[in-house]
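J.: I would like the atomic coordinates for the input below:
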Amino acid sequence: QVQVVETGGGLVQAGGSLRLSCVATGRTFSNYAMGWFRQAPGKEREFVAAITGGAGTSTYYGDSVKGRFTISRDNAKATAYLQMNSLNPEDTAVYYCAARFVPWASQKTSDYAYWGQGTQVTVSS
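T.: I've put the predicted structure just below:
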């Protein structure tokens, strides 16, 4: 049984930073590709970032977060991170971490089998 748990959301002012963490347990973490998605009220779930399994040498970002967000992973801690800088109110959403038990990343929600419960990020203007 794979469990995915996100932490680190909260309220931040525009221009600020937050770091989200995602712990995935139940199988060998280094074998997972990890992804971050977000969903704002009334909108579809949107791809944010993804990282390949293993050493995580390849990363991918949605156009709206490129240059501001950074995804990384620490296999020893079975944890993926999303560092979010220069936040703006349009980044307000519930952020979800997802895992797929193959090493190559994807930007499609349907490619991820395991999801966390989500963590709220609110950016005030």
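J.: all contacts plus neighbour counts: C-alpha atoms, from now on.
T.: Fine.
J.: all strands of the protein, in order?
T.: Shown for the chain, the strands assigned by DSSP state E span residues 3-7, 10-13, 18-25, 33-39, 46-51, 59-61, 69-74, 79-84, 93-100, 114-115, 119-124.
J.: next one: the last one to chain centre, how far?
T.: The gap between where strand 119-124 is centred and where its chain is centred comes out at 14 Å by CA atoms, centre = their mean, to the nearest Å.
J.: so what's residue 17 up against?
T.: Taking CA atoms under 8 Å, 6 or more residues apart in numbering, we find residue 17 in contact with 83, 84, 85, 86, 87.
J.: Apply the buried test to those and list what passes.
T.: Buried by 16 or more other CA atoms under 10 Å: 84, 85, 87, out of those.
J.: ok, and the closest non-adjacent residue to the last one?
T.: With sequence-adjacent residues excluded and distances taken as CA to CA, 6 or more residues apart in numbering, residue 87 is closest to residue 15, at 5.0 Å.
J.: Provide the backbone phi and psi angles at that neighbour.
T.: Listed backbone geometry of residue 15 is phi 90, psi -10, with angles given as degrees, to the nearest 10.
J.: Report the contact partners of the most centrally placed residue in the chain.
T.: In the chain, the C-alpha nearest the mean C-alpha coordinate belongs to residue 36, at 2.4 Å (CA atoms, centre = their mean). Contacts were defined as CA under 8 Å, 6+ apart; by that measure residue 36 touches 47, 48, 49, 50, 82, 95, 96, 97, 98.
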